[in-house]
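Enquirer: Got a predicted structure here, sequence first:
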Amino acid sequence: MTIIISNVLEKDDQTLSGHPYRYAMAYKPFNVLCANKDRYGRPALVDLGIPRTLHAAGRLDLDSEGLLLLTDDGALLHRVTHPDFNHPKTYLALVVGHPEAAALQPLRDGVMLKDGLTRPAEVEVLPETPLLPPFPKPLAAPSKTTWLRIVLYEGKKRQIKRMLSAVALPILRLVRVAIGPLTLPPDLEPGQWRVLTAAERRTLLDWVWQRAEKL
C-alpha cells in the first residue's frame, strides 16, 4: 500500500513552519518490530509501506499491537514521548483471571519496578470484550480472562507487562488504542496506515501545545 503524505502543519489557519511536516497513524500488528528495519529479518514498519522518514512517537513491543503516531516533526516527537509532559496513552490488556478491586489498586497507586516507582495509572475492568481484530494465536477462553483499560502517563520499557506481572496478572494481549486525543479508528486494520485528517491533525497539535504551555 502506498500513500502520499503532503500535509502542512497549520494552527488557527496560520502556518507554523515552512516545512511540510507529515503526520500519520498506523495499526502495528502483533509480531511486527516497531523500527524501520531489523538485522534479523523480522517484519518491521517499512514492510507495512511506511516511509523511513516517519518515526513512531513511542514504541510498541514486538508482541504488542495497536496505535502508532508517525511523524517527521521532531518537536512533536519530543513532546509526546518525553515523560515531563505526562501525555496519557490508553491500552486494552487481556489478563488471565478475574482480579478483585484490591488487586488493581497498586496499579492506581504506583508499582515499584526495578527502574523505580511507576506513576499512578487509571485502571478499570471492561464489562464486555472490546471490538478488536482477531488475534493471530489462540487465547484463553473468555470465561477465564478479563479485559482491562489502562491509561499510563509515562513510558517505561515494557511497563504495563511488568506492572501486571507485579500484581500476579499474566497478560495475554496488549493493544494501544489512544495517544492523547488520537484514537485508533475501528476501520484501520492491523498492518494499515494512513495520513491524519485535517481535523485529527489540528486536534492533536492543539492538545500537545496547550499541555506544553501549562508546564
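Expert: Arrived safely, thanks for sending. From a predicted model like this one, the values you see are computed outputs, not experimental measurements. Numbering: from 1, shown residues only.

Enquirer: can we go C-alpha only for contacts and neighbour counts from here?
Expert: OK.

Enquirer: Walk me through the domains of this structure.
Expert: In terms of domains, the chain is parsed into 10-83+180-214, 88-179 (source: automatic domain parsing).

Enquirer: Output the ones you listed in JSON lines, with mean pLDDT and mean neighbour count appended to each entry.
Expert: Formatted as JSON lines, the domains of the chain follow (pLDDT from 0 to 100; neighbours: other Cα atoms under 10 Å):
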{"stretch": "domain 10-83+180-214", "mean pLDDT": "85", "mean neighbour count": "17"}
{"stretch": "domain 88-179", "mean pLDDT": "94", "mean neighbour count": "16"}
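
Enquirer: Now do the nearest residue to Ala140 once chain neighbours are set aside against Val167, distance only.
Expert: Spatial nearest neighbour of Ala140, excluding adjacent residues (Cα to Cα, 6 or more residues apart in numbering): Val96 at 7.7 Å. Distance of Val96 to Val167, computed by Cα to Cα, to the nearest Å: 12 Å.

Enquirer: All the helices of this protein, residue numbers only.
Expert: 74-81, 101-109, 159-166, 198-214 (DSSP state H).

Enquirer: tell me the contacts of the residue nearest to the spatial centre of the chain?
Expert: With distances taken as Cα atoms, centre = their mean, Arg176 lies nearest the centre of the chain, 4.0 Å away. If you count contacts by Cα atoms under 8 Å, 6 or more residues apart in numbering, Arg176 has them with 64-67, 89-92.

Enquirer: Looking at those, which are in strands?
Expert: Members of the contacts of Arg176 lying in strands (criterion: DSSP state E): 65-67, 89-92.

Enquirer: Let me have the residues you listed in CSV, extended by distance to Arg201.
Expert: Listed next are the ones in strands among the contacts of Arg176 as CSV, based on distance: Cα to Cα, whole Å:
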residue, distance to Arg201
Glu65, 22
Gly66, 19
Leu67, 15
Lys89, 17
Thr90, 19
Tyr91, 21
Leu92, 24
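
Enquirer: of all those residues, which two lie farthest apart?
Expert: Taking Cα to Cα, the two most distant members of the ones in strands among the contacts of Arg176 are Glu65 and Lys89; they sit 13.2 Å apart.

Enquirer: any idea how far the residue nearest to Asn86 when sequence neighbours are not counted lies from Pro88?
Expert: Computed as Cα to Cα, 6+ apart, the closest residue to Asn86 that is not its neighbour in sequence is Tyr153, at 4.9 Å. Tyr153 is 5 Å from Pro88, where distance means Cα to Cα.
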